[in-house]
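Asks: Okay, predicted coordinates and the sequence, questions at the end:
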Amino acid sequence: MQVTETLNEGLKREIKVVVPAKDLEAKLSERLENARSRVRINGFRPGKVPTAHLRKVYGKSFMAEVVNEILSETPRSVLSDRNEKSATQPEIVMTEDEKEAEKVLEGQADFVFSLNYEVLPKIEVKDVSDIAVTREIVDVSDDEVDEQVKRVASSTRSFEPKKGKAEDGDQVTIDYLGKLDGVPFDGGADTDAQLVLGSGQFIPGFEEQLIGVKAGDEKQITVTFPENYGAEKLAGKEATFDITVKEVAKPGELELNDETAKKLGIESMDRLRQVIREQIESQYGSFTRQKVKRQILDALDGQYQFEAPQKLVDAEFNNIWAQINNDLQEAGRTFEDEETTEEAAREEYRKLAERRVRLGLVLSEIGEKAGVEVTEDELQRALYDQVRRYPGQEQQIYEFFRRTPDAVANLRAPIFEEKVVDHLLGSIKVADKKVSKEELMAEDEAGETAAKPAKKAAPKKKADEDKSEEA
């Protein structure tokens, strides 16, 4: 086998491989000889089939197997001999001329093909002891816990029918029919819908117009759907709703005791307070972690500047771009609505893709040098988290991951990255700073992109509110 480098430009490599016809013939002869004792052909005793006859019957199919083995083994051996790591699976380029391919299978021509790939850049791990980050910390106050307890406990509050007009905080039971230009639209009707006025459950302007209604009233209200509403055909549109009020009910007294906690599946009010405090602390902890990680990545981004493999960048950009366009489509918005252009957005997200790839390679190298590993238990927990998202399809999900190595790698990557961040936190300077929750939750002005991604559309009802906030 002759291996010749035909391109060495930046990270790009092209390797020409020539397998002489005599080498192919040697491999074919060996395969034919091994097959003599195994094949069964009418008219011949086992092991006595002439090689010439075997070649006539199986020659091309065996040669095809030889060629496939060469194509499978060569990239790995070439990279190993050259002490290189390919960023992606090397691209194999060979003749598309059927006559030339036929000659190879007949053993009459050398097998010639090329390997095209990009090498991973060599990264020298740098000292990180001078990196300094600020870890913002929020103390969870008793008042905040009490406020959240009341919000969660309010779902257990009973409502009693009342006479008279509906006030803020009352619950109304209504039938409604929504119309655009006088024509009913899909999803715009409901019967016996229960709505607590002031809860913000319906679109802006809907609940406010029901203040003062009483049982038996029929009313038409006019509202305008938000510009970022989930259904594109309704976004920004003015609509009317014909409403029949069936009942007005006032809230009962909110009792914060063990019985209320039990209605929420918690054994006591003290335990409910503890659970809610832990949830709030966990939420703030996630924001703290996110901000610290951003500071670390920004520092590493300043330390490491090198050419990233373009195929990896292309793949990352395509993933980002597909998500951005999907978000825009769901929100019924355009790049102009986001105060940018498609061209400018492409440029910004391309920069983001390059940053992500480069930092991914840096974190990988740091983790490898530090001996960071993802344990089988950690991988299994991540797999379980994926599986439980699809109740009733557990077996299919397990089978998918068993058959798809790339999917398993996608599970491993974020775990590995977080463990590398943990490793770095033990080597850099970390200063704790007490901040308010508003300061912690504020978005970083220096985000990863200048072009803002589209916001998720707001539903008509907040029926999909985050249930995890409730105990």
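Replies: Structure's in. What do you need?
Asks: From now on I want contacts and neighbour counts done on CA atoms only, so please keep to that.
Replies: Noted.
Asks: all strands of the stretch 201-350 of the chain, in order?
Replies: 218-224, 238-251 (DSSP state E, counting those that start in this stretch).
Asks: What of the stretch 51-200 of the chain?
Replies: 91-94, 111-118, 132-137, 159-161, 171-180, 183-196.
Asks: Out of those, which is closest to Asn34?
Replies: Closest approach to Asn34 among those is made by strand 111-118 (22.8 Å; Cα to Cα).
Asks: So what are the sheet partners of the closest one and their directions?
Replies: Its sheet considered, strand 111-118 pairs with strand 12-19 (antiparallel), strand 91-94 (antiparallel) by DSSP bridges.
Asks: Out of those, indicate the one that is most buried.
Replies: strand 12-19 (a mean of 18; mean count of other Cα atoms under 10 Å).
Asks: Near Lys250, how many other residues are there?
Replies: 19 (other Cα atoms under 10 Å).
Asks: if I look at it, how far off is Met441?
Replies: Counting by Cα to Cα, to the nearest Å, the gap from Lys250 to Met441 is 35 Å.
Asks: Next: Val313.
Replies: Val313 is 30 Å from Met441, by Cα to Cα.
Asks: For those two, indicate the residue with more neighbours.
Replies: Taking neighbours as other Cα under 10 Å, Val313 and Met441 compare with Val313 leading, 20 against 14.
Asks: In contact with that one: list those residues for me.
Replies: 350, 353-354, 357 (Cα atoms under 8 Å, 6 or more residues apart in numbering).
Asks: Next: Phe225.
Replies: For Phe225, counting by Cα under 8 Å, 6+ apart, the contacting residues are 203-204, 234-239.
Asks: Outline the domain layout of the chain.
Replies: 2-118, 158-252, 260-458 (automatic domain parsing).
Asks: got the buried residues for the host helix or strand of Val357?
Replies: Under the criterion of DSSP states H and E, Val357 resides in helix 342-370. Neighbour counts over helix 342-370 (16 or more other Cα atoms under 10 Å) mark 345, 348-359, 361-367 as buried.
Asks: now stretch 395-410
Replies: Buried residues in stretch 395-410 (16+ other Cα under 10 Å): 397, 401, 408.
Asks: next one: stretch 204-211
Replies: In stretch 204-211, counting by 16+ other Cα under 10 Å, buried: 206-207, 210-211.
Asks: Report the backbone C-alpha coordinates of that stretch in PDB.
Replies: Backbone C-alpha positions of stretch 204-211 (Å, rounded to 0.1, in the frame of the first residue of the first chain) are rendered in PDB as follows:
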ATOM      1  CA  PRO A 204     -53.500  40.300  28.500                       C
ATOM      2  CA  GLY A 205     -56.700  42.300  28.700                       C
ATOM      3  CA  PHE A 206     -59.000  39.300  28.900                       C
ATOM      4  CA  GLU A 207     -59.400  39.000  32.700                       C
ATOM      5  CA  GLU A 208     -59.500  42.800  33.300                       C
ATOM      6  CA  GLN A 209     -62.700  43.100  31.300                       C
ATOM      7  CA  LEU A 210     -64.400  40.500  33.400                       C
ATOM      8  CA  ILE A 211     -64.100  42.500  36.600                       C
END
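Asks: All set now, cheers.
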